[in-house]
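A.B. asks: how would this look folded up:
(2 chains)
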Amino acid sequence: MTSSPRVRFAPAPTGYLHVGGARSALFNWLFARQQGGTLVLRIEDTDQERSRPELIEAILESLSWLGIDWDEGPIFQSDRRDLYRTACEKLLADGGAYLIDDDKNEMPGSTLQPGLGVAVRVPEGTAAIRDLIRGEVTFDYADIDDFVIWRGRNDTPGFLLANAVDDPDLAITHVVRGEDLLSSTPRVMLIRRLLGMDYDPLYAHLPLLVNEQRQKLSKRKDDVSVGDYPAKGYLPEAMANYLALLGWGPPDGVEVRPMVEIVERFRLEDVVSSPAFFDLKKLEHINGEWIRRLSTDEFLAAAEPWVTGDDVPWPADRFDESVWRAVAPLVQERLKLMADLPAQVDWLFLAEAPEDPESWEKAMAGKVPAADLLDAVIEAYDAAGWEAETLKETLRVLGEERFGLKLGKAQAPVRVAVTGRTVGPPLFEGLVLLGRDETLRRLRAARARL
RNA sequence: GGCCCCAUCGUCUAGCGGCCUAGGACACCACCCUCUCAAGGUGGAGGCACGGGUUCGAACCCCGUUGGGGCUGCCA
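C.D. replies: Predicted coordinates:
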């Protein structure tokens, strides 16, 4: 008999969702969706002092942004305090745990008392964890010290206790989480044993996500808050796609693909056991791939905040929707990050070509006779038909016949005069959109500076 | 220190005893394409940490060494 699995993602609201947590959430989700199982969202907010309720909404938002949905919850551990308290009292009464003072000295008594904490008395024996990724991992209780399960300081349950109680109570079948939790597992198992439960879930301890120093990603040292990624110009599809590739690889080697295809192929047993470096470079590449995969309409929708948001570099009233729609496909092909979008099109909506000294230097002070060339272009464009192909041909012929320059060289001064930069979308299509008058005005203005 | 986990190109991975003179992807280099930049195409450089076993045969199995990491909190 195979009943459908139940898994959970259990973040503590002590910070925003970071990429490591997101990856754990994603793997739980992938497994649940793969197996037709259930994903429970549980908020581990037992520590009154560290929990910040206002962060919960942000965490849920980040999960949703990634396309991770859940079937039950969020369940708050802070609502279930009585459950943990009852379990703790039982342990106390049975002698499996004892009261402690602030310095962890054992205190007399077998019921919870204000101001006193509770510690488990670790007995002899071993705990064998059944881990889908690592096989069987055994711990000897002789190596484990007595540990606190109830905080006397603020009279709240510790995470080990809450964990031990919740997973069976929620009928969790598979615990999928980071490897940093592996060492805490024997203690959770011990609590359950002392409580008389014969239940243990199957575990899957995911390899840690690490930084360049190969250390566990930390919110403090590493810039890894998922909530920051939309504003950096990442698409949720790209982030989720990349995260799925950390610790797992599709059997057919096709890395960039829709999440439904990843769900089809995902197997917890195939997750590797060694840590993975969170590589922004690869994320960027995948983001570029996803941007290019968008239909024009999808791209326009994704680009909306980048062309009409509060941070656009041009005055809102100068933005021209039809011009934007016309260049959009040209820009879509060249972006890795949506954040790079404004710099591609700003010259179309600014009153003047943007200033970029480096570009100016490169195009105007090089070997190309910029002044003479601009003079010639101005004269030619004043009379030319205003279509991309004509403008291109005009410049090509002019450049070759009068200056002995290939189009690649001849276009540089024109590009910088009009767009301000040496790089950008295809020039002649852009000139058509900018219009003859403004193009000529910018060419003359640039010529005057030489 | 103790316990536990891990070890294939710089990075992410494929490989689950012979298909491996180790495959793919990112990054890097070269060339092609090209109005710039991208994208795309072609090619290149680059790896099984080390030492013992087991086996007819090990990247794959076992042991050890070394290295890295995690935990060791009245955080999770």
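
A.B. asks: In chain A, which residue sits closest to RNA strand B?
C.D. replies: Residue nearest to RNA strand B within chain A (CB to the nearest atom of the strand): A:Gly249, separated by 2.7 Å. The way it works is simple: take the backbone N, C-alpha and C, and place the C-beta from them, glycine included.

A.B. asks: show me the contacts for that residue.
C.D. replies: By CB atoms under 8 Å, 6 or more residues apart in numbering, the residues touching A:Gly249 are A:Glu255, A:Asp270, A:Val272.

A.B. asks: which ones among these come in contact with RNA strand B?
C.D. replies: Contacts with RNA strand B within the contacts of A:Gly249, as defined by CB under 7 Å from any atom of the strand: A:Glu255, A:Asp270, A:Val272.

A.B. asks: For A:Cys88, state which of those residues is nearest.
C.D. replies: A:Val272 (38.0 Å; CB to CB).

A.B. asks: Now do the SS call for the residue nearest to the closest one when sequence neighbours are not counted.
C.D. replies: Of all residues not flanking A:Val272 in the chain, A:Gly247 sits nearest, at 5.4 Å (CB to CB, 6 or more residues apart in numbering). At A:Gly247 the chain is in coil, as set by DSSP: H, G, I helix; E, B strand; the rest coil.

A.B. asks: hang on, the earlier thing: just the buried residues of the contacts of A:Gly249.
C.D. replies: A:Glu255 (16 or more other CB atoms under 10 Å).

A.B. asks: and the contacts of A:Gly249 as JSON lines, adding pLDDT and secondary structure?
C.D. replies: Output for the contacts of A:Gly249, formatted as JSON lines (pLDDT from 0 to 100; DSSP: H, G, I helix; E, B strand; the rest coil):
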{"residue": "A:Glu255", "pLDDT": "96", "secondary structure": "coil"}
{"residue": "A:Asp270", "pLDDT": "96", "secondary structure": "helix"}
{"residue": "A:Val272", "pLDDT": "97", "secondary structure": "coil"}
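
A.B. asks: what's the closest of the contacts of A:Gly249 to A:Trp360?
C.D. replies: A:Glu255 (40.4 Å).

A.B. asks: What number of residues are in the vicinity of the nearest residue to the closest one once chain neighbours are set aside?
C.D. replies: Excluding its sequence neighbours, the residue lying closest to A:Glu255 (CB to CB, 6+ apart) is A:Leu245, at 5.8 Å. Counted with other CB atoms under 10 Å, the neighbours of A:Leu245 add up to 18.

A.B. asks: mind checking the backbone torsions on A:Leu245?
C.D. replies: Dihedral angles of A:Leu245 (phi, psi; degrees, to the nearest 10) stand at phi -90, psi 0.

A.B. asks: Run through the residues that contact A:Ala24.
C.D. replies: Let me fix one detail, which is that residue A:24 is Ser and not Ala. By CB under 8 Å, 6+ apart, the contact set of A:Ser24 is A:Phe9, A:Val176, A:Arg177, A:Gly178, A:Leu206.

A.B. asks: Check the first one and give its pLDDT.
C.D. replies: It stands for A:Phe9. Note on A:Phe9: pLDDT of 98.

A.B. asks: Is it in contact with A:Glu44, as I believe?
C.D. replies: No - applying CB atoms under 8 Å as the test, A:Phe9 and A:Glu44 come out as separate, 10.3 Å apart.

A.B. asks: follow-up on the earlier one: need the contacts of A:Ser24 in a markdown table (columns: neighbour count, distance to RNA strand B and secondary structure).
C.D. replies: Below are the contacts of A:Ser24 laid out as a markdown table (neighbours: other CB atoms under 10 Å; distance: CB to the nearest atom of the strand, whole Å; DSSP: H, G, I helix; E, B strand; the rest coil):
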| residue | neighbour count | distance to RNA strand B | secondary structure |
| --- | --- | --- | --- |
| A:Phe9 | 27 | 11 | strand |
| A:Val176 | 29 | 14 | strand |
| A:Arg177 | 22 | 9 | strand |
| A:Gly178 | 18 | 8 | strand |
| A:Leu206 | 28 | 9 | strand |
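
A.B. asks: Relative to A:Arg325, which of those is nearest.
C.D. replies: A:Arg325 has its nearest neighbour among the contacts of A:Ser24 in A:Phe9, at 40.0 Å by CB to CB.

A.B. asks: what's the distance between the closest one and A:Ala384?
C.D. replies: Distance from A:Phe9 to A:Ala384, counting by CB to CB, to the nearest Å: 61 Å.

A.B. asks: now do A:Glu361
C.D. replies: 28 Å.

A.B. asks: Which residues are in contact with A:Ser51?
C.D. replies: A:Ala12, A:Pro13, A:Thr14, A:Asp45, A:Ser78.

A.B. asks: quick one: pLDDT of it?
C.D. replies: 90.

A.B. asks: Burial check on the closest residue to A:Asp145 other than its chain neighbours, number of neighbours?
C.D. replies: In space, and not counting its chain neighbours, A:Asp145 is closest to A:Val122: 6.8 Å by CB to CB, 6+ apart. Counted with other CB under 10 Å, the neighbours of A:Val122 add up to 18.

A.B. asks: Do I have it right that A:Val122 meets A:Met189?
C.D. replies: No - checked against CB under 8 Å, the pair A:Val122 and A:Met189 is beyond contact range at 11.6 Å.

A.B. asks: Which residue ranges of the stretch 51-200 of chain A form strands?
C.D. replies: A:72-76, A:97-100, A:106-107, A:117-120, A:126-131, A:135-140, A:147-151, A:156-157, A:174-178 (DSSP state E, counting those that start in this stretch).

A.B. asks: wait, does the third one contact RNA strand B?
C.D. replies: What that stands for is strand A:106-107. No - figure legend: strand A:106-107 not in contact with RNA strand B (CB under 7 Å from any atom of the strand); closest approach 9.1 Å.

A.B. asks: so what secondary structure elements neighbour that strand?
C.D. replies: Judged by 3 or more CB pairs under 8 Å, 6 or more residues apart in numbering; DSSP states H and E, strand A:106-107 is in contact with strand A:97-100.

A.B. asks: if we go to 10 Å?
C.D. replies: Applying 3 or more CB pairs under 10 Å, 6 or more residues apart in numbering; DSSP states H and E, one finds that strand A:106-107 contacts strand A:97-100, strand A:117-120.

A.B. asks: What pLDDT is listed against A:Trp360?
C.D. replies: Looking at A:Trp360, its pLDDT stands at 94.
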